[in-house]
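*Asks:* Generate coordinates for the sequence data below:
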Amino acid sequence: MVPKATPRLRPWPPDAMPEDRYGKCVLDLDGEMVFGELAILRIFQRAGWQGRWIDTYGRRYLTNYWPRPVCGELLISPESAIRHTQPDP
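*Replies:* Predicted coordinates:
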């Protein structure tokens, strides 16, 4: 069984909101300005995981967005990831 997590995330202060947020909610994760996808990625990273935010709109694999987007390579192929998440027959 996978334990359930319910992180509590605060919105970033409106007076410090960036212009380039594309209408997305911006969150404050321990003083870091992040989108929700990156907040979850940070939580996994703190637990020892590696990962990327797969930005399908920009077609890139991000590890950060502000002050500038930082792209990284996928650690495994998408096909391999799908095989590893599907149950054995």
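
*Asks:* any idea where the strands of this structure begin and end?
*Replies:* Using DSSP state E, the strands found in the chain span residues 10-11, 26-29, 32-35, 53-55, 60-64, 70-71.

*Asks:* Quick check, residue 75 in contact with residue 61.
*Replies:* No: counting by CB atoms under 8 Å, residue 75 does not reach residue 61; the two are 9.2 Å apart. Yep, even glycine has a C-beta here, placed from its N, CA and C like the rest.

*Asks:* Mutual contacts of these two, please.
*Replies:* In terms of CB atoms under 8 Å, 6 or more residues apart in numbering, residue 75 and residue 61 are both contacted by the residues residue 52.

*Asks:* measure the residue most central in space within the chain to residue 80 for me?
*Replies:* Nearest residue to the geometric centre of the chain (CA atoms, centre = their mean): residue 38, 2.6 Å. Distance, residue 38 to residue 80, using CB to CB, to the nearest Å: 23 Å.

*Asks:* cool, and residue 50?
*Replies:* On the measure of CB to CB, residue 50 and residue 80 end up 14 Å apart.

*Asks:* hang on, the earlier thing: if we ignore the residues flanking it in sequence, what's nearest the residue nearest to the centre of the chain?
*Replies:* Counting by CB to CB, 6 or more residues apart in numbering, residue 38 lies nearest to residue 53, which is 5.6 Å off, once chain neighbours are set aside.

*Asks:* Run through the bridge partners of that neighbour.
*Replies:* For residue 53, the beta-bridge partners under DSSP bridges are residue 62.

*Asks:* Can you give the contact residues for stretch 27-40?
*Replies:* Outside stretch 27-40, the residues within contact range by CB under 8 Å, 6+ apart are 7, 9-13, 16, 18, 21, 24-26, 42, 53, 62, 64-66.
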